[in-house]
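1. Fold the following and give me the result.
(chains A and B)
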Amino acid sequence: MTVTVLLFASYAEAVGRSTIELEVESGATVRDVIDRIREIGNATRLPPTPMVAVNEQYASRDRELRQGDEVALIPPVAGG
Amino acid sequence: MYSSIVDHPIDVGAMIERVGRAANGAAVLFLGNVREVNEGREVTGIEYTAYRSMAERELASIVEEAAALGDTNDVAVEHRLGELVVGECSVAVAVGHPHRVRAFETARYVVEELKRRVPIWKREHYVDGTREWVSAATSKPETQLVDIGDER
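-> Now for the predicted structure:
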């Protein structure tokens, strides 16, 4: 199945892209996606346990993904 | 209740009007402005970006929570994105309430939760021409100066 990974700010810079369509196995979790993205990007700049949102809501690393999910890796937020 | 992410300068007067009501004896307005020095480095401006759809959703949730906690529907927040120069306003929070203590507390809740949860990032531009993403470590809540107690 395919999920869409969104990267922002420093994470987008580390990986060199802001959107990645990722093919993952059925039953894959957020953790699997993080591991894959860290292989693509500059892993030293992408922490092993970033904040993650699935379909615009914060989610745990154990969250099981479904076809078409939007997985966003969220750098430390700094609004205001 | 009102929450919005905008690409234009924030109209501060309009924010106050959003929470104005005859029953409200208090209106609190918080403005977050771009500061000229951060962590000892001289700043010329800040570029704000966001995961916009989620940021809008989180902001709306925070306003709803604040309204429930503060027992007032007169809660408004606006956050600006894009490139801002020193002195410009990046965020405005306005709260109206019959009494001041709840108004202050409710505004404070919105600001602190916004800084904790809303997916917005800023990249500071320095006088020497370099740019850096600001990490959360430099945006911790400031120490509370006074205990405002239980007065309602």
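2. Tell me where chain B has helices.
-> B:12-18, B:52-70, B:100-117 (DSSP state H).
3. can you list contacts of the second one?
-> By Cβ atoms under 8 Å, 6 or more residues apart in numbering or on different chains, the list of residues contacting helix B:52-70 from outside reads A:53, A:56-57, A:72, A:79, B:1-5, B:73, B:75-77, B:79, B:81, B:95, B:97, B:102-103, B:105-106, B:109-110, B:113-114, B:117-120. Backbone N, C-alpha and C define where each C-beta goes, glycine included.
4. let's see it at 7 Å
-> The contact list for helix B:52-70 (Cβ atoms under 7 Å, 6 or more residues apart in numbering or on different chains) reads A:53, A:56, A:72, B:1, B:3, B:5, B:73, B:75, B:77, B:79, B:95, B:97, B:102, B:105-106, B:109-110, B:113-114, B:117-120.
5. The shortest one too?
-> The contact list for helix B:12-18 (Cβ under 7 Å, 6+ apart) reads B:2, B:27, B:29, B:31, B:76, B:78, B:89, B:92, B:94.
6. can stretch A:63-73 be found next to chain B?
-> Yes - contact between stretch A:63-73 and chain B, assessed by Cβ under 7 Å from any Cβ of the partner chain, occurs at A:A72.
7. now the helices of chain B in TSV, with distance to B:H125, mean pLDDT and mean neighbour count?
-> Listed next are those as TSV, based on distance: least, Cβ to Cβ, whole Å; pLDDT from 0 to 100; neighbours: other Cβ atoms under 10 Å in any protein chain shown:
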stretch	distance to B:H125	mean pLDDT	mean neighbour count
helix B:12-18	24	97	15
helix B:52-70	21	98	19
helix B:100-117	21	97	20
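8. Just tell me which of the ones you listed ends up closest to A:G27.
-> Closest to A:G27 of these, according to Cβ to Cβ: helix B:52-70, at 25.0 Å.
9. Now do the closest one against helix B:100-117, angle only.
-> Calculated by axes from the mean of the first three to the mean of the last three Cα atoms, to 10 degrees, helix B:52-70 forms an angle of 150 degrees with helix B:100-117.
10. count of neighbours near the nearest residue to B:V91 once chain neighbours are set aside?
-> Spatially, and ignoring its direct neighbours in sequence, B:V91 is nearest to B:G32 (4.0 Å; Cβ to Cβ, 6 or more residues apart in numbering or on different chains). Number of residues near B:G32 (other Cβ atoms under 10 Å in any protein chain shown) recorded here: 18.
11. residues contacting B:G32?
-> A:80, B:89-91.
12. what's the answer for B:S3, then?
-> By Cβ under 7 Å, 6+ apart, B:S3 lies in contact with B:59-60, B:63, B:77.
13. Sweet, I'm off.
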